[in-house]
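> Following is a predicted model, sequence given first.
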Amino acid sequence: MSNRPLALRVTGLSKSYAIYAQPRDRLKQFVLPLLAKLLGRAPATYCREFRALRDVSFEVHAGETVGIVGRNGSGKSTLLQLVCGTLNPTAGEIETHGRIAALLELGSGFNPEFTGRENVFLNAAVLGLSRQETEARLAEILAFAEIGEFIDQPIKTYSSGMVVRLAFAVAVHVQPQILVVDEALSVGDERFQRKCFSRIDAIRGSGATILFVSHSASTVVELCDRALLLDDGELLAVGEPKRIVASYQKLLYAPAEQRAEVRAALQEGVVGTAAAAGKLAAAAEPSALRDGEQREAFDPGLQPTSTMSYESRGARIHSPALFNAQGTPVNHLVRGRRYRYRYRVQFDSTTTHLRFGMLIKTLTGLELGGAVTSPFGTPTLPLVRAGEEIEVDFEFTCRLAPAVYFLNSGVVADVEGTETFVHRLIDAAMFRVVPEADDTMTGIVDFSCTGSVRPPSSGGADIVSPDEVRP
C-alpha cells in the first residue's frame, strides 16, 4: 500500500476528558486554580483525567478499507469523531486528504421541524455539497432512502428507521474520498441492509478510502484490507483483518487473570512478527491448545454473558454443553471433527407432543443452521410426566471458519392445541473454532472447496509457428 497516496495520517493522537465527582467541582476547577496562581500558591485539582485515547498513530492510504475493532469503551468512536472533526484532540495531529463523509450518529444533525427534502439539502451542505450538486443527486438519494411521499413531511413525523435511512442515503451519495462509518451498516430491514452493503462496495470500487468501526468479525474480515485493534484507548495491533479479529476475540474472552498477558503480547506484536504472534497464542489459549496438535480444549472463561431465557411453561432447559467424540467437554472446536451438543430438560408439569431443537449463530446473530429432533407435526416424545428429566443430544460436524459462535436450545410442546415453546434459551452456550495453519477457506461455512490452476502450456513441443496455423 506504500506506493498509494496518503489519505489519512494520525500522529500521537490523544483525547482526555475531565471527570468531576460532583457538579460543584466543575466550578471549583474553573475558579480556584486561577485564584491560587494569583496568590502564588500551587493550584489544587478538583477533577480526574480520563484518557479516551492515548498516543495513537497510524496511516491509511488511498483506496484502503480499514476496520477498527475493540471492546466497548476502547476509544473506537472517539477516534472516528476526531478524524471527522466533530471532536478536537487533546494532543496529536490528524492529516486528511480528500472529502470526508461520516456515518456516525445517523440523523443527529437533522432539524425535526424541517421536511425530509429540506434536511437532505441541509445535511448535504454540511457534508460539502453545493445546492446544484445536491439537486443533481436528489432523485438518486430519494430512491435509495425509500421514504416515498413522506419526503415532504417534517422529520419529527418519521420513524427512527426512516430517519437513519435518509441520513445514510445522503452520506453515501456525497461521493466521498474518505468514508467514515461507525456501526451504521445495520439500518433498516434485511433488504435495505443489503442495499447499504452494496453501496459500500460500490464506494470501495470507486477507489475511496473507508475507515469503519464494527463489532461484526465477519464484516471486518470480509470488507477490510487491514484492521486496527484498540483497547483502553491504546492501539494494540495493526495488521491483516483475520489475525486482528482473532486477537480481538482472544482479548475479549480471555480470563481476567490472563488479560494483562494477552495485552502485553499484542503490544509487542504490533508489527506482526511470527514470534509475537506465537506469544499471543500461548498467552490467550488454554494449556490443552498449547501442548498438542489436537487443539480441542475447554476454556472455563468462554461463557456467554448474553444468555436470555424465555418464560418457562412447565419445562426448564439446563446444563447446555459441547462434547467431542471421546465425550470430553470442549468449547474450542477443530473444523472437520464431530461434536455433540447436549442439554437437559427438567419438567415441572406433564407435557405432551414434545420436540427439541438447537441453532448455531454468529457473533452478530446470523442464524447459520441447526436441527430439530423430528419434523413438524411428528412429536419426538408423546408425553413426559411432571418431575421427569430428559437428555437431548445433537451431533454435528464442525464446518465453520475460525470465529466465536453461539448456540440456542428450545423445547416445543402442545399447549392448548397449539405447538408452542415451553422453554427456550438464547445464547445458551458458546464456542470458538480454532484457526487452522495454512487455511485456504473463505467466508463462514467450509464447503470443502479446493482450487486448482492449469498453467499455460510451454516448451518447444507446444510452440506453433505462424505458418503452421495458416489455412
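That came through, no problem. Values in this document were obtained by computation on a predicted structure and should not be read as measured data.
> Asn119 and Ile155 touch, don't they?
Yes. The pair Asn119 / Ile155 is scored as a contact, 5.7 Å apart, by Cβ atoms under 8 Å. Every residue, glycine included, has its C-beta placed from N, CA and C.
> any idea how far Asp182 is from Ser77?
Distance of Asp182 to Ser77, given as Cβ to Cβ, to the nearest Å: 6 Å.
> which one of these two has more residues nearby?
Counted by other Cβ atoms under 10 Å, Asp182 and Ser77 do not tie: Asp182 has more neighbours, with 21 against 18.
> these two touch, right, the more buried one and His215?
No. The pair Asp182 / His215 is not scored as a contact, 10.9 Å apart, by Cβ under 8 Å.
> List the buried residues in the longest strand along the chain.
Determined from DSSP state E, the single longest strand within the chain is strand 418-433. Across strand 418-433, burial judged by 16 or more other Cβ atoms under 10 Å covers 421-433.
> which residues are common contacts for Asn119 and Ile155?
Listed contacts common to Asn119 and Ile155 are Phe110, Asn111; contacts here mean Cβ atoms under 8 Å, 6 or more residues apart in numbering.
> Quickly list the domain ranges of the chain.
Per the record, the chain has its domains at 6-227, 308-433, by automatic domain parsing.
> What's the mean pLDDT across stretch 368-387?
In this model, stretch 368-387 carries a mean pLDDT of 92.
> Could you grab the helix/strand/coil label for Asp25?
Following DSSP: H, G, I helix; E, B strand; the rest coil, the label given to Asp25 is helix.
> How many neighbouring residues does it have?
Asp25: 17 neighbours (other Cβ under 10 Å).
> Could I get the contacting residues of it?
Tyr46, Cys47.
> Ile19 versus that one, what's the distance?
According to Cβ to Cβ, Asp25 stands 9 Å off from Ile19.
> where do the contact lists of those two overlap?
Cys47.
> one step back: okay, now the sheet partners of the longest strand of the chain, with direction.
When pairs are called by DSSP bridges, strand 418-433 turns out to pair with strand 308-309 (antiparallel), strand 332-333 (parallel), strand 403-415 (antiparallel).
> ok, of those, where does mean pLDDT dip lowest?
The bottom spot among the strands paired with strand 418-433, by mean pLDDT, belongs to strand 308-309, with a mean of 83.
> which residues touch it?
Residues outside strand 308-309 that contact it (Cβ under 8 Å, 6+ apart) are His423, Arg424, Leu425, Ile426, Asp427.
> Verify the stated contact: the last one with Asn408.
Yes. Taking Cβ under 8 Å as the definition, Asp427 is a contact partner of Asn408 at 7.1 Å.
> Sketch out the strands for the stretch 251-400 of the chain, chain order is fine.
For the stretch 251-400 of the chain, the strands defined by DSSP state E, counting those that start in this stretch occupy 308-309, 315-323, 332-333, 338-347, 351-362, 367-372, 381-384, 389-397.
> out of those, nearest to Ile210?
For Ile210, the closest of the strands of the stretch 251-400 of the chain is strand 351-362, at 21.8 Å, according to Cβ to Cβ.
> what about the closest one, average pLDDT?
Averaged across strand 351-362, pLDDT comes to 93.
> rewinding a little: may I see the contacts of strand 308-309 arranged in TSV, with pLDDT and distance to Leu228 as well?
Output for the contacts of strand 308-309, formatted as TSV (pLDDT from 0 to 100; distance: Cβ to Cβ, whole Å):
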residue	pLDDT	distance to Leu228
His423	94	42
Arg424	91	38
Leu425	92	35
Ile426	87	31
Asp427	87	28
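> and which of these is nearest Gly40?
Taking Cβ to Cβ as the measure, Gly40 sits nearest to Asp427 out of the contacts of strand 308-309, at 61.3 Å.
> Enumerate the positions of the one helix or strand Glu135 maps to that are buried.
Element membership of Glu135, judged by DSSP states H and E, is helix 131-145. Within helix 131-145, the residues scored as buried using 16+ other Cβ under 10 Å are Thr134, Arg137, Leu138, Ile141, Leu142, Phe144, Ala145.
> Check the domains of the chain for me: which has the lowest mean pLDDT.
Averaged per stretch, pLDDT over the domains of the chain is lowest on domain 6-227, reaching a mean of 83.
> Show the end-to-end separation of that domain, please.
Using Cα to Cα, to the nearest Å, the end-to-end distance of domain 6-227 comes out at 17 Å.
> Look at Asn119 and Ile155 and report which has more neighbours.
Ranked by neighbour count (other Cβ under 10 Å), Asn119 and Ile155 place Asn119 first, with 24 against 20.
> I'd guess that one is in a strand, am I close?
No. Read with three-state DSSP, Asn119 is helix and lies in no strand.
> Surely Val66 is in a helix?
No. Counting by three-state DSSP, Val66 is not part of a helix but strand.
> Does it touch Leu229 like I think?
No. Contact criterion Cβ under 8 Å: Val66 and Leu229 do not qualify, at 11.6 Å.
> now Gln22: how far from Ser206?
Gln22 sits 51 Å away from Ser206, going by Cβ to Cβ.
> Looking at the two, which is more packed in?
Set Gln22 next to Ser206 and count neighbours by other Cβ under 10 Å: Ser206 wins out with 11 against 8.
> Dihedrals phi and psi, the more buried one?
As for Ser206, its main-chain torsions (degrees, to the nearest 10) stand at phi -80, psi 0.
> Next: the one 3 residues further on.
The phi and psi torsions at Thr209 (degrees, to the nearest 10) take the values phi -90, psi 140.
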